[in-house]
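Visitor: what would the 3D arrangement of this be:
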Amino acid sequence: MKYLFLDVDGTLINYKTQLPKSAKQAVEKAQKNGHKVIICTGCSRCEIEARAMDLKFDGVIYGNGCYVEYNQEVIFHRPLSLEQCTHFVNWCNQRDLAFRLECNDGMFLSEGYEEKSKEARYKYIYGHGEYDPNKPLPPLSRHMISGQNLLRDDVNKTAFILKSYQDFLDAKEEFKDMTVDTWGGKGELALYGATRAKGFDKENSIHLLLDKLNVDPKDAIAFGDGVVDIPMFKACGFSVAMANGNDEVKNAVDYVTDDVDQDGLYKAFEYLKLI
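Guide: Alright, predicted model coming up:
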């Protein structure tokens, strides 16, 4: 039996939040063969549920490591404190940065987020290239709530739209009591900044879960495509990068499979004889 830790965006699904048929088949066949599948993502529960992937996972790690659940039992949860959330909200408002608070039960948006985030969402979905405001964007999901309940103590992770890379650098200086990073889909574009509880990432959350289950890391396999997944690779006995990852990601793994949209996950499962 192997424990399979899957990043979501760019690994299990593409950046348009589409689940390739082959990826769904790979997960279901692996589980039928007795392997355990745990998603390990920056998303929170509401985002995963909104995507309606019609898959059942044995465990979940949300917020890049701040929430761990296995067989529907909460193993660990470290949200931002109310004070940290308030600090973040006030800082973003002062700089007129659109932001969102990512909680398990909903995504809470700053006023005007939908309009102010259009260019970042466009580049996240379509990748490099000139922003075309006439090109369609999917509507915001029903779990996204604008302008309400922004001072909270249940935030797994925040995200804010970068007007420039300097916003990210300033955030690292401002929020010394949090982990601050940046992300942006294929090619690691710096589109968003993000904060979460300090000292927690995909690596230590996987270690925590494996210790709880008394599983040797050599029986764990990590699959990812982003720099944020590199800690996850370190926690597992074997690691796989998607071809849509950049060179830093590919150089950090044991095996590189094809692009998420070219049946990469299924091919990796076949290579590893999981299916």
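
Visitor: wait, Arg152 touches Asp105, no?
Guide: No: proximity of Arg152 to Asp105 does not meet the contact threshold set by C-beta atoms under 8 Å, at 10.3 Å. C-beta: built from backbone N, CA, C; applies to glycine.

Visitor: who's more crowded, these two?
Guide: A count of neighbours by other C-beta atoms under 10 Å puts Arg152 above the other of Arg152 and Asp105, at 17 against 11.

Visitor: relative to Val68, how far out is that one?
Guide: Distance of Arg152 to Val68, computed by C-beta to C-beta, to the nearest Å: 20 Å.

Visitor: and Gly59, by the same measure?
Guide: 7 Å.

Visitor: any regions of the stretch 101-250 of the chain where pLDDT drops low?
Guide: Residues of the stretch 101-250 of the chain that meet the criterion pLDDT under 70 lie in 128-130, 185-189.

Visitor: what about the helices in it?
Guide: Ranges of helices within the stretch 101-250 of the chain are 113-116, 118-126, 165-174, 202-213, 230-235, 247-250, based on DSSP state H, counting those that start in this stretch.

Visitor: any idea which of those helices gets closest to Asn64?
Guide: When these are compared by C-beta to C-beta, helix 202-213 sits nearest Asn64, at 5.9 Å.

Visitor: now that closest one: buried residues?
Guide: By neighbour count on 16 or more other C-beta atoms under 10 Å, the buried set for helix 202-213 is Lys202, Glu203, Asn204, Ser205, Ile206, His207, Leu208, Leu209, Leu210.

Visitor: which residue comes closest to the third one once chain neighbours are left out?
Guide: Looking back up the chat, that one is Asn204. Gly65 (6.4 Å; C-beta to C-beta, 6 or more residues apart in numbering).

Visitor: so that neighbour touches Lys202, yeah?
Guide: Yes: Gly65 is in contact with Lys202 according to C-beta under 8 Å; the separation is 5.0 Å.

Visitor: picking up where we left off before, what sits against the residue nearest to Asn204?
Guide: Cys40, Arg196, Phe200, Asp201, Lys202, Glu203, Asn204, Ser205, Pro231 (C-beta atoms under 8 Å, 6 or more residues apart in numbering).

Visitor: so how far is Ile38 from the fifth one?
Guide: If I follow you right, that is Lys202. 11 Å.

Visitor: find residues that contact each of those two.
Guide: Phe5, Ile61.

Visitor: residue closest to the middle of the chain?
Guide: Central residue of the chain (C-alpha atoms, centre = their mean): Gly42, 2.5 Å from the mean position.

Visitor: secondary structure class for that one?
Guide: Of the three states, Gly42 takes coil according to DSSP: H, G, I helix; E, B strand; the rest coil.

Visitor: so it makes contact with Gly184?
Guide: No: counting by C-beta under 8 Å, Gly42 stays clear of Gly184, with 11.8 Å between them.

Visitor: and the residue nearest to Met178 when sequence neighbours are not counted, what does it touch?
Guide: Using C-beta to C-beta, 6+ apart and skipping residues adjacent in sequence, the residue nearest Met178 is Thr195, 4.4 Å away. Applying C-beta under 8 Å, 6+ apart, we find Thr195 in contact with Leu80, Gln84, Phe88, Lys157, Thr158, Ala171, Phe175, Met178, Thr179, Val180.

Visitor: out of these, list just those in strands.
Guide: Lys157, Thr158, Met178, Thr179, Val180 (DSSP state E).

Visitor: beta-bridge partners for the fourth one, please?
Guide: When bridges are taken as DSSP bridges, the partners of Thr179 come out as Arg196.

Visitor: quick one: the strands in the stretch 1-150 of the chain, in order.
Guide: For the stretch 1-150 of the chain, applying DSSP state E, counting those that start in this stretch gives strands covering 3-6, 36-40, 59-62, 67-70, 73-77, 99-103, 106-109, 144-146.

Visitor: for the residue nearest to the centre of the chain, give me the pLDDT.
Guide: Per-residue confidence at Gly42 stands at 91 (pLDDT).

Visitor: kindly report the same for His35.
Guide: Looking at His35, its pLDDT is 98.

Visitor: how near is it to Tyr192?
Guide: Per C-beta to C-beta, His35 is found 32 Å from Tyr192.

Visitor: who has more neighbours, these two?
Guide: Tyr192 (25 against 20).
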